[in-house]
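*Asks:* quick check, what structure comes out for this input:
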Amino acid sequence: MRIKKNKLKYMKKIYKNYINNSLIKIIILLFIIIFQIKANVKFENLNEFLYNEIDKMSLIIPIIAKDFYKISYNFKFYINFIEGIKNVIFIGNEEIENLIKEMKSSLNFPISFINEKILLDIDKIKQLIKNRNETAVIRSGWYIQQFLKMIYCYICKDKYYLIWDSDTIPIKKVKMFENNGKPIFDIKTEYYEPYFITMKNIFPELGKKFRYSFISEHMIINTNLMKNMINRISDNKNLIGNTWYEKIINCIDPQHISHSGFSEFETYGTFVKEHYRHVYSKRLWKSLRRGVNINFNPKLLTDNDIKRISKYYNSISFENWK
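*Replies:* Purely as a prediction, here's the structure:
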C-alpha cells in the first residue's frame, strides 16, 4: 500500500509542475484513473485529491527592533488566519535575534531568524541612498526591508514563500492558492505614480500596465520568478550600478527617494503579470488602512470586533501604534 501511495504522490507532483500543459495533464489524469481501477483505489473527488497537499510555505517578515513589540500581538493572527504556513522567518539585526530567542519559549509554532547582513550589505545600501539624496537616509530602512523580501528568493528552498508587512494583520481565513494549486495575487485600487516611474526606468516595457494595484501589504512569491526578475535587473548593462539593488536605487528619482520611490509589490506583480500572465490568478483584497486612526488597536481587539470588521475587510493595518 505504501508503494501505491508513493506512486500517487509522485503523479500529483508531476501534475502540479505541468499545470499549464494540457496534454501532459490529460495523460497523467488517464494514468491515475487506470491506476485506480487496477489498484482498487477510489477517489470520490479527483480534483481534491490532486490539490489537497499544496506545499506549505514560509512566512517572511523583515522587522526592526522598535517595531518588534507589534509581533507579540500580531503573531496569533498570522497563525490562525493564513492557511499553509509551515514556519515564520524573521529577518533583522542582532537585536532582533535576541528578541526571537526570548519569543521562542512562549510559542508553540516554529520560528527562526536570519541576520540581514548575511543577505545584504546594509551599510552600503544606506550610503547609496544618501548619495542619491542626503535627506533620504532616514528612509533607507523602508527600502532595505523591500530588498530583503526580494533577495530571500536566493536561499528559499520552496517553490513559494509569503511576504507580509509586520504592521498588518489578517482578520479572516486567507487561502493563498486556488483549489487547482494556482497562487493568488491580491489586488487593490490604489495608485502612486513614483512607483511606476521607477519601474519604467528599470523595465522600459512596464509601467502602469493594469488598472489595479498589487499593494495589499502581503504577497505570495514564486521563488524562481523573483530570481528571474532580479537577474534581469542584474544583467541589464544599461542600468547604472554593480548590484541589482544599486541599479534599482539609481533608477529612483532623487526627489522621490526621500519619500516612497520603489515598490516591490507593484514591480514584482507587474513583471509577473506581463511576462508570465497565466501563472497567478487574482482576487480583490479589502484592507482597512491606518487602523489606529479610527481607534482600533490589536492589543484591544475582541473576537466580536474581529467578527464585525471581517464582514467588510480582509485585513487591518496598524501603523505606528503602541
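
*Asks:* now do the helices in the protein.
*Replies:* 2-17, 22-39, 46-51, 69-81, 94-104, 116-119, 122-132, 140-151, 193-202, 223-235, 244-251, 254-257, 264-275, 303-309 (DSSP state H).

*Asks:* ok, S72 - contacts?
*Replies:* If you count contacts by CB atoms under 8 Å, 6 or more residues apart in numbering, S72 has them with M103. Glycine gets a C-beta too; all of them are placed from N, C-alpha and C.

*Asks:* now it: how far from H256?
*Replies:* As judged by CB to CB, to the nearest Å, S72 and H256 stand 34 Å apart.

*Asks:* thinking again about what came up before, the helices of the chain: lowest mean pLDDT?
*Replies:* The minimum mean pLDDT among these belongs to helix 46-51 (a mean of 48).

*Asks:* tell me how many other residues crowd K286.
*Replies:* 13 (other CB atoms under 10 Å).

*Asks:* what sits against L119?
*Replies:* L119 touches 91, 148, 151-152, 155, counting by CB under 8 Å, 6+ apart.

*Asks:* need the buried ones from those selected in ChimeraX.
*Replies:* A single ChimeraX command is used to select the members of the contacts of L119 judged buried by 16 or more other CB atoms under 10 Å:
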select :91,148,151,152
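
*Asks:* export the contacts of L119 to JSON lines and tack on distance to T223?
*Replies:* Shown next, in JSON lines, are those (distance: CB to CB, whole Å):
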{"residue": "I91", "distance to T223": "16"}
{"residue": "L148", "distance to T223": "15"}
{"residue": "I151", "distance to T223": "12"}
{"residue": "Y152", "distance to T223": "9"}
{"residue": "I155", "distance to T223": "10"}
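
*Asks:* which member of the contacts of L119 is positioned nearest I60?
*Replies:* Of all these, Y152 has the smallest distance to I60: 5.4 Å, by CB to CB.

*Asks:* show the contacting residues for the spatially closest residue to R139 that is not a sequence neighbour.
*Replies:* The shortest distance from R139 to any non-neighbouring residue, by CB to CB, 6 or more residues apart in numbering, is to S258 (6.0 Å). By CB under 8 Å, 6+ apart, the contact list for S258 reads 133, 135-136, 138-139.

*Asks:* could you redo the last one with a cut-off of 6 Å?
*Replies:* 133, 135-136 (CB atoms under 6 Å, 6 or more residues apart in numbering).

*Asks:* can you select the buried ones from these in ChimeraX?
*Replies:* ChimeraX command restricting those to the buried ones, with burial defined by 16+ other CB under 10 Å:
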select :133,136
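
*Asks:* out of the helices of the chain, nearest to K286?
*Replies:* With CB to CB as the criterion, K286 lies closest to helix 303-309 of the helices of the chain, at 10.3 Å.

*Asks:* could you chop this structure up by domain?
*Replies:* Domains of the chain are assigned by automatic domain parsing as 2-51, 57-317.

*Asks:* how many neighbouring residues does N98 have?
*Replies:* Neighbours around N98, by other CB under 10 Å: 12.

*Asks:* hmm, I typed the wrong one, I wanted Y191.
*Replies:* Going by other CB under 10 Å, the residues that sit close to Y191 add up to 13.

*Asks:* and it, how close does it get to D253?
*Replies:* Using CB to CB, Y191 is found at 17 Å from D253.

*Asks:* first to last residue in stretch 306-317, what's the distance?
*Replies:* This stretch, stretch 306-317, spans 13 Å end to end (CA to CA, to the nearest Å).

*Asks:* off-centre distance for it?
*Replies:* Chain-centre distance of stretch 306-317: 20 Å, with CA atoms, centre = their mean, to the nearest Å.

*Asks:* can you list contacts of that stretch?
*Replies:* Residues contacting stretch 306-317 (CB under 6 Å, 6+ apart): 167-172, 285-289, 291.
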